[in-house]
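Q: Sharing a model that was predicted from the sequence below.
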Amino acid sequence: MKVIVERDGRERLIVIEPSGAGYAALFDGRRLHVEGQVGAEMRVLLDGQPVEATVRREGPDVLVAFHGREYAFRTRDARAPKLGRRGAGADRSRGELHAPMPGLVVEVLAQVGDQVDAGRPLVVVEAMKMQNAFVAPLSGRISRIEVKPGMPVESGQLLLAVTPGAD
Amino acid sequence: MKVIVERDGRERLIVIEPSGAGYAALFDGRRLHVEGQVGAEMRVLLDGQPVEATVRREGPDVLVAFHGREYAFRTRDARAPKLGRRGAGADRSRGELHAPMPGLVVEVLAQVGDQVDAGRPLVVVEAMKMQNAFVAPLSGRISRIEVKPGMPVESGQLLLAVTPGAD
Amino acid sequence: MRAIHKVLVANRGEIAIRVCRTLREMDIASVAVFSEADREAAHVYAADEALLLGPAAASQSYLNVEAVLGAAKRAGADAIHPGYGFLSESAAFAEAVEQAGLVWIGPAPEAVRAMGDKVRARALAIRANVPVLPGTEGPVADPAELRRAAEQIGYPVVLKAAAGGGGKGMRRVNHPDEFEHAVKLTQGEAKNAFGDDRLYLERWLEKPRHIEVQVFGDAHGSVIALGERDCSIQRRHQKVVEESPSPALSPEKRQELWDLGVRAARAGGYTNAGTAEFLMDARGHFYFLEMNARLQVEHPVTEMVLGMDLVREQVRVARGERLTLTQEEVRPRGAAIEFRIYAEDPAAGFLPQAGTVRRLQLPSGPGVRVDFGVREGGLVPFHYDPLVGKIIVAGATREEAVARARRALGDCRIEGIPTTLPFHLWLLEQAAFVDGSYDTSYLAHHFHGLQPPPAGPEEDQAMVLAALFAHLEAVTPRVPYYTPAESRWRSGAALRAEPRDGGRR
Amino acid sequence: MRAIHKVLVANRGEIAIRVCRTLREMDIASVAVFSEADREAAHVYAADEALLLGPAAASQSYLNVEAVLGAAKRAGADAIHPGYGFLSESAAFAEAVEQAGLVWIGPAPEAVRAMGDKVRARALAIRANVPVLPGTEGPVADPAELRRAAEQIGYPVVLKAAAGGGGKGMRRVNHPDEFEHAVKLTQGEAKNAFGDDRLYLERWLEKPRHIEVQVFGDAHGSVIALGERDCSIQRRHQKVVEESPSPALSPEKRQELWDLGVRAARAGGYTNAGTAEFLMDARGHFYFLEMNARLQVEHPVTEMVLGMDLVREQVRVARGERLTLTQEEVRPRGAAIEFRIYAEDPAAGFLPQAGTVRRLQLPSGPGVRVDFGVREGGLVPFHYDPLVGKIIVAGATREEAVARARRALGDCRIEGIPTTLPFHLWLLEQAAFVDGSYDTSYLAHHFHGLQPPPAGPEEDQAMVLAALFAHLEAVTPRVPYYTPAESRWRSGAALRAEPRDGGRR
């Protein structure tokens, strides 16, 4: 199978094929022999070098954890059409403030309609005994507030949104 | 559900029923509350006492491992008919000599037709750097020999059989 | 002498497990307590009995004095070990424990009261000729008064919760403009964590080392120093790495520091285990910071260089026995370093993150000790401190201990939650850590988050594995993900089929 | 001085892993070797590189001198560490290693030859005034000659493989009738394990203690004793539990034993790590048994009481460096005990049993060291020694170490293979072990297999769990068995679906 693997915007083509008791990986004009236990738990010799790694998929990404590091790759079948990137959505959500971790909202320091400067503390969330003040991602007017004090929030949950621009 | 549990020939009736966030076990006029993670990995509070155990089925037996010990129980649904015991088969196989572990046959010290006394070494199997001499399970005549030197054997494999009785 | 047959451990996580281990070794029954969020926590299964305290919020469970005392009564415990954090430095709790007729395994309530309040501790230290930093004389609740003190002492200053400890409720203020908001946040944290929003303020020392003395006293008048610990590797004023001996002390300075620690402990009428914390400036002058009237998170480094069990010693002293050692017998050997594993993302400003530990492979072998509070498949709830465990290494020399740490932490695999592990691996490559010359400002100046792993042979290997994984997904109906969670049912959910991870989500 | 940059570890299992750990800590590259049976073994993944030696049979892999040297050449290794067992005491191998221009991390080949042969070692000991037991002067191949010697010395006697060690190839003979068969079996084992079927024979001492001295020499003429280990808990003449210090020695006897150990080592022209084994009779007399020219299985107890790394010391000495310590600096602290975890069924005469480790939960916390050679899901093949790992505990006193052992071994869970773990838990409750009065005959006289767990509250709990399990089986489509094996594919089998354990087999 031919797989296209992307990391940091760089795409590479890798051919994976059965070889002896294992697999061969062909890329950049090289041939790497892979042998051992493969799957979500990889325990393999790569050209004789022992490598233990955990591999898992998260959406379009394959995450490879080994040597205390985690590499994130986007993979696709070389025969499949290329998928569009999610750039536009990210742009539109630039003024949104999301909880980066689960916790409890302790205080909301602004109201809908307030004009705020980027960096101003807007919501205080407590998690793991720490109070964290989350600040305006950009200058503008607060268009939505989705939380109130005492409310538990999940990781990634929208806290509020700021519409860019000064008065 | 009503379960009959047997150990060492002693049968006891236990009723398991959902109770609150867990289960209740009723037996011997007692009621024991079970709460926590249940399944092959049990991690439960039994009336407030924390117990971690691994449970697995091996044929008709349920094996419960905890506190460094393993308990073997035979369980059946109290509504199901009682199954016959496998006593007869065990009797018939009394003269059979089975490998108690995997290994390599190093030597066979007798031939079919030999008259042997109980306790006489008959087969030497090497495993894990040790040579183990397996002896005649009873006095009698050797009726079958299923192995020869150099042959690998699996755990439980028949090595030979002795037909009881003197000449 | 007071007998102790059953101890309630009023804590959770790794310290509750650690205390239960020693109790088991002493043939003393142990009672765990837990909140609704901790029903399946590892510490529950480290004890002989376990009792529910109440809802997840610490104020309704681990900080709830009535609930804890009620549990002790129900279990028939005759003593309470508070661990660290939570109620460990509450003099009111210690008093309530003793009034309930139970043995308090820790310093006498009067000493907890005297030393737990930083302001009183400071006054006691001054009286005992132990040097302190310039600052407010007493606890201050009024922001305006705090501001006046800051202006008198001069910025930068540091705000501290009077009842705080362990870096919680502590904030540096560089400039008058930040002052108001900083006071508000610190008061909020102090109120929440310790039920007391009084603060005090003192001069901020540039580039000091944070070195503390483990002190121990018995009911027979002995107070000794069990060596020091260097805790200068800090982020957010909180320790992440501690070691003993301190690489910054000459034998003479070490002796001086131990003596100061014993003097501070005597001033507070100290018994049982405590820690006298000091800052040391560039000229080698010591300043008393505070006294922690409890076992510290980092006590294992002391245990490793001394070959003794401090929890065992705590129980012995609480029973009225004499200290096992005299000061002359305290002879540390080799070097030990502790690495705190927090559920925090070092790539994102050490932001704490709750979650499920999907994979946990802990190091072992010579000179490696592991004290962990979660297990594979276990949950790190967001309600409590994000410390999930500690890895402690010892070596015949500091150099060996550092090399061992690289090996041991490199062998460790934790997945499912971000942890400080990659941060520690980074730290172990830094010259200032390897040569021991770091100070408390080191991380703020030199740690700028973790870089994504670079391109190179290791990236190529990872890429090959990613491609192979994609290949396996394509040719097999489903990828057998590693899912320890699969092997479990929860109570009351026996009939609910757990969804299985499909090959391609 | 000779530089060492890359070491081939000519072994498998826990000792290969243990050696690789120290090499990593010393920044020295490591090369693992493996047989066909060990393709997925844990030791393969403890090294920086790994090379296949050959088929599963030890004679064609780990005992194959050409294959090992070939692997060293292919990998570009500049030194070889032999571990224990296999080729570790083969003087021919040590010589071949040196002739290939590689550094041999162990005693010089001449010393291995002199001391590896028990008969020559015995003659050297006699010449150095180290006391020995009455026995044959030299190695004997002729059974009739052995029988004559036995009759001269008087039964019971003990047969030992001249090239043996670690209790392998050793058999007690109580009566002339058993003699012939015993000689045959012992010769077979000796031939197979060491390629040398010569035996010798000596008087069997009743109820002795087996105590050994860890000796260490460097190329500069220093030979020191690094304390002793008591190895009197034995089954089939093989050690299962070892401790340091020996509870049977007074300070004077300890000094005498250390001196004898150093004298024996000097007699053999000893460098690097070795062990002088002695028996001590009821009157406190010592008899030299043999010299093991290698690291012992039980070296960790010495490491724990001394706080040093013996493998690091081996590498240093092999490079030509001086010993780190002088004899005066050897000051053991506290007590350490090692428990060998064998894949053997203690309920069935310690019968070894190969299999897959279905579950492996190892202990941790203060004073606990774990050196293991398999991991969860891993295989214990039947081709090799059944040692799967070791649990070593240390305490400030022997009493603390024993209590800690109970806790640590109680925390340990190994499923899928029988192990000596339940035996150790039994041992820890026996008065003769707790008070340290045991001798080498102890197990033969007092261990009669393990009883099935008794009826009582614990049985009731187990029964409830069994009934609950049966209930869960009945109400759910399938029981989610704990099957780590599920998460794996083997190479070349990516398309073969692994059968999943059904609810009711």
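A: Here it is on my side, so go on. Numbers count the residues shown, from 1 in each chain, chains lettered A, B, ... in the order given.
Q: Every contact and neighbour count from this point should use C-alpha atoms.
A: Will do.
Q: and residue C:455, how far is that from residue A:71?
A: Distance, residue C:455 to residue A:71, by CA to CA, to the nearest Å: 10 Å.
Q: okay, those two: which has more neighbours?
A: residue A:71 (20 against 10; other CA atoms under 10 Å in any protein chain shown).
Q: Just say helix, strand or coil for the more buried one.
A: What DSSP: H, G, I helix; E, B strand; the rest coil gives for residue A:71 is strand.
Q: Dig out what it forms beta bridges with.
A: Beta-bridge partners for residue A:71, by DSSP bridges, are residue A:64.
Q: Quick one, grab the pLDDT at it.
A: We have a pLDDT of 91 for residue A:71.
Q: again with residue C:377
A: Value for residue C:377, per-residue pLDDT: 89.
Q: my read is it is in a strand, agree?
A: No: checked against three-state DSSP, residue C:377 lies outside a strand; its state is coil.
Q: Quick check: it vs chain D, distance?
A: Distance, residue C:377 to chain D, using CA to the nearest CA, to the nearest Å: 12 Å.
Q: Ok, residue A:156 next?
A: Distance from residue A:156 to chain D, by CA to the nearest CA: 30 Å.
Q: One more: residue C:208?
A: Residue C:208 is 31 Å from chain D, by CA to the nearest CA.
Q: Can you report how many residues neighbour that residue?
A: Neighbours of residue C:208 using other CA under 10 Å come to 23.
Q: and what of residue A:156?
A: Neighbours of residue A:156 (other CA under 10 Å): 12.
Q: Near chain C, which residues of chain A? Just list them.
A: A:1, A:3-5, A:14, A:16, A:25, A:39-42, A:46, A:55-59, A:62-64, A:67-71, A:73, A:75-76, A:101-103, A:127-131 (CA under 8 Å from any CA of the partner chain).
Q: Just the buried residues of these.
A: Neighbour-count burial within these applies to A:1, A:3-5, A:14, A:16, A:25, A:39-42, A:46, A:55-57, A:62-64, A:68, A:70-71, A:73, A:75-76, A:101-103, A:127-131; the criterion is 16 or more other CA atoms under 10 Å in any protein chain shown.
Q: farthest residue from the center of chain A?
A: For chain A, the largest distance from the centre (CA atoms, centre = their mean) belongs to residue A:20, which lies 36.4 Å off.
Q: Please look at residue C:117 and residue C:161 and confirm they touch.
A: No: in this structure residue C:117 lies outside contact range of residue C:161 using CA atoms under 8 Å: 9.1 Å.
Q: More neighbours: these two, which one.
A: residue C:161 (31 against 24).
Q: Give me the buried stretch members for stretch C:329-343, please.
A: C:332, C:333, C:334, C:335, C:336, C:337, C:338, C:339, C:340, C:341, C:342, C:343.
Q: And the average pLDDT for that stretch is what?
A: 97.
Q: For the residue farthest from the centre of chain A, give its distance to residue D:411.
A: 43 Å.
Q: and if you look at residue C:371?
A: In terms of CA to CA, residue C:371 sits 13 Å off from residue D:411.
Q: okay, the two: which has more neighbours?
A: Neighbour count, other CA under 10 Å: between residue C:371 and residue D:411, residue C:371 has more, with 22 against 17.
Q: Make sure residue C:67 is indeed in a helix.
A: Yes: under three-state DSSP, residue C:67 falls within a helix.
Q: element containing the closest residue to it other than its chain neighbours, please.
A: The shortest distance from residue C:67 to any non-neighbouring residue, by CA to CA, 6 or more residues apart in numbering or on different chains, is to residue C:53 (5.6 Å). Using DSSP states H and E, residue C:53 sits within strand C:49-54.
Q: So which elements touch that strand?
A: strand B:49-58, strand C:29-35, helix C:65-75 (3 or more CA pairs under 8 Å, 6 or more residues apart in numbering or on different chains; DSSP states H and E).
Q: got the residue ranges for the helices in the stretch 51-200 of chain C?
A: C:65-75, C:91-99, C:109-116, C:118-127, C:143-153, C:179-194 (DSSP state H, counting those that start in this stretch).
Q: can you tell if the longest strand seen in chain C touches chain A?
A: Ranked by residue count, the top strand of chain C under DSSP state E comes out as strand C:223-235. No: remark: strand C:223-235 sits outside contact range of chain A, by CA under 8 Å from any CA, the gap being at least 13.1 Å.
Q: That strand pairs with which strands, and in what direction?
A: strand C:209-217 (antiparallel), strand C:238-244 (antiparallel).
Q: for residue A:147, what are its contacts?
A: Going by CA atoms under 8 Å, 6 or more residues apart in numbering or on different chains, residue A:147 touches A:105, A:108, A:159, A:160.
Q: Look up how far residue A:31 lies from the residue nearest to the second one when sequence neighbours are not counted.
A: Translated: residue A:108. Spatially, and ignoring its direct neighbours in sequence, residue A:108 is nearest to residue A:123 (4.6 Å; CA to CA, 6+ apart). Distance of residue A:123 to residue A:31, given as CA to CA: 53 Å.
Q: Looking at the two, which is more packed in?
A: Using other CA under 10 Å, the more surrounded residue of residue A:123 and residue A:31 is residue A:123, with 26 against 14.
Q: Phi first, then psi, for the residue of chain A found nearest chain C.
A: Using CA to the nearest CA, the single residue of chain A nearest to chain C is residue A:128, 4.3 Å away. Main-chain dihedrals, residue A:128, degrees, to the nearest 10: phi 50, psi 50.
Q: I figured it hits residue C:383, correct?
A: Yes: with contact defined as CA under 8 Å, residue A:128 reaches residue C:383; the gap is 5.3 Å.
Q: got any residues that touch both of the two?
A: Common neighbours of residue A:128 and residue C:383 (CA under 8 Å, 6+ apart) are residue A:103.
Q: for chain D, what are the nearby residues on the stretch 151-300 of chain C?
A: residue C:300.
Q: what bits of the stretch 151-300 of chain C have low per-residue confidence?
A: C:165-167 (pLDDT under 70).
Q: Near chain A, which residues of it are found?
A: C:168, C:185, C:189, C:193.
Q: will you turn those into CSV that also has neighbour count?
A: Listed next are these as CSV, based on neighbours: other CA atoms under 10 Å in any protein chain shown:
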residue, neighbour count
C:168, 21
C:185, 19
C:189, 23
C:193, 22
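Q: The residue nearest to residue C:67: neighbour count?
A: 25.
Q: repeat for the one 10 residues further on
A: Using other CA under 10 Å, residue C:63 has 23 neighbouring residues.
Q: mind listing what it touches?
A: C:86, C:87.
Q: how close does it get to residue C:11?
A: 9 Å.
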